[in-house]
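In: Generate coordinates for the sequence data below:
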Amino acid sequence: MSVSASIPSGSSCSGSCTSPRFSVASVEGSSSLEKYLLAMSARINETRDGRDEKGRKCCFFIVVCQSLELSWTIERRYSQFFALDKYLRDTLTRKTVPLLPALPRKAGIFMMSQSDMIARRRGLEAYITGLIALCRTGDTRGIRRALSKFIDLEVTHEAWLKSTAAAMSRQSSLDDGDELSSTREPCDTPPWP
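Out: Below is the predicted model:
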């Protein structure tokens, strides 16, 4: 039986307006998270207009991530993809850098035509999909750490674990004959279908 859960889009797993600052520090518990990263898929089906931290118009690419029982959505700007790519190119070995997928060209989004915007969305999806595929080959710890941070994998996994533990605790209480009181919060996403 497959366990299914999703993190609500309004959760702390949603993206923010600020560009990520990648560091050499590894993602906590990366060995347990690695199976999620290796089984992951991502797609970008839509965009939304918004404002950055300075109030300027910007475009968010809505990335839908799925891995094993997890499913979550993040919002990232092109500049955040660019920051990830720059970090990887600056920190990876000369042997690994040529393996990185190409990032779509940089251009002002509000001067782009609709077809250019669609091409950029598809290019960013190909980029993140390429990084995921690269994670499945050889020694790519640096890519795995940066990508895990970029897609909020650790935060999503922790939220799912807390949700699952709370649901199991409530279920255990019900199995013991307890009635669910109105003071307990209902489980947002139970770990079972």
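In: ranges for the helices of this structure?
Out: When assigned using DSSP state H, the helices of the chain occupy the ranges 30-38, 78-91, 114-135, 141-150, 153-175.
In: winner for burial among those helices?
Out: When neighbours are counted by mean count of other CB atoms under 10 Å, the highest per-stretch mean among the helices of the chain falls to helix 141-150, a mean of 21. Where you see a C-beta, it was placed from the backbone N, CA and C, and this is true even at glycine.
In: So what touches the helix-or-strand element of the chain with minimal mean pLDDT?
Out: For the chain, using mean pLDDT, DSSP states H and E, the weakest element among its helices and strands is helix 30-38, scoring a mean of 76. Taking contacts as CB atoms under 8 Å, 6 or more residues apart in numbering, the residues outside helix 30-38 that touch it are 27, 67-68, 70, 132, 135-136, 144-145, 147-148, 153-154, 157.
In: can I get the residues you listed in JSON lines with pLDDT?
Out: Shown next, in JSON lines, are the contacts of helix 30-38 (pLDDT from 0 to 100):
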{"residue": "V27", "pLDDT": "37"}
{"residue": "S67", "pLDDT": "90"}
{"residue": "L68", "pLDDT": "87"}
{"residue": "L70", "pLDDT": "86"}
{"residue": "I132", "pLDDT": "92"}
{"residue": "C135", "pLDDT": "88"}
{"residue": "R136", "pLDDT": "86"}
{"residue": "R144", "pLDDT": "89"}
{"residue": "R145", "pLDDT": "89"}
{"residue": "L147", "pLDDT": "91"}
{"residue": "S148", "pLDDT": "90"}
{"residue": "L153", "pLDDT": "88"}
{"residue": "E154", "pLDDT": "86"}
{"residue": "H157", "pLDDT": "84"}
